[in-house]
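**Student:** my questions concern the predicted model and sequence given below.
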Amino acid sequence: MCCSALEIDELTKPAGPLCGNSCNSRCVIYAERPQVCRDFECVWLTSRKMAAHLRPDRIGALFMEDYEVEEYRAVCAPERPLAWRNPRVFAHLVAVAKTGRRVVAKAGLQAWRIFPSGEWGPTA
């Protein structure tokens, strides 16, 4: 999912379409891929506590930490822009918000803030 949902400036790839270097779910420039691709790891890959039902390809969203703006994000697959509204995904996002984290769900250019109360609304 990171090869479609995320924007990759180094490859002039916008968020949404599949990366032009992807062929049959494999990166054809893997050995020479940009450092940003080498460094990226979604929460699914780094957390041993993440439940199997929250695997990005199953839910249509990937979870990531954005340390620059101190946000926990759910970035939705282009073909599933409201995947963050799935009850299990939303429950996970609310649980993270309850820890005091700022939680944002993104779909293309749209973004919603999820609050500890379970309320949500567009980001400003």
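**Tutor:** On my side now, so go ahead.
**Student:** okay, CA-based contacts and neighbour counts for the rest of this
**Tutor:** Fine.
**Student:** run through the helices of the protein in chain order.
**Tutor:** With DSSP state H as the criterion, the chain has helices at 2-5, 35-39, 43-46, 56-59, 87-97.
**Student:** now mean neighbour count too, for the ones you listed, in TSV please.
**Tutor:** Below are the helices of the chain laid out as TSV (neighbours: other CA atoms under 10 Å):
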stretch	mean neighbour count
helix 2-5	22
helix 35-39	11
helix 43-46	15
helix 56-59	15
helix 87-97	18
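**Student:** worst mean pLDDT among those?
**Tutor:** Of all the helices of the chain, the minimum mean pLDDT falls on helix 2-5 (a mean of 80).
**Student:** domain parsing for this protein?
**Tutor:** What automatic domain parsing lists as the domains of the chain is 1-40, 41-124.
**Student:** packed most tightly, which of those would that be?
**Tutor:** Across these, the average number of neighbours (mean count of other CA atoms under 10 Å) peaks for domain 41-124, which reaches a mean of 16.
**Student:** measure that domain end to end?
**Tutor:** Start to finish, the residues bounding domain 41-124 are 27 Å apart (CA to CA, to the nearest Å).
**Student:** now swap in stretch 33-44 and tell me
**Tutor:** Length of stretch 33-44, first residue to last, CA to CA: 21 Å.
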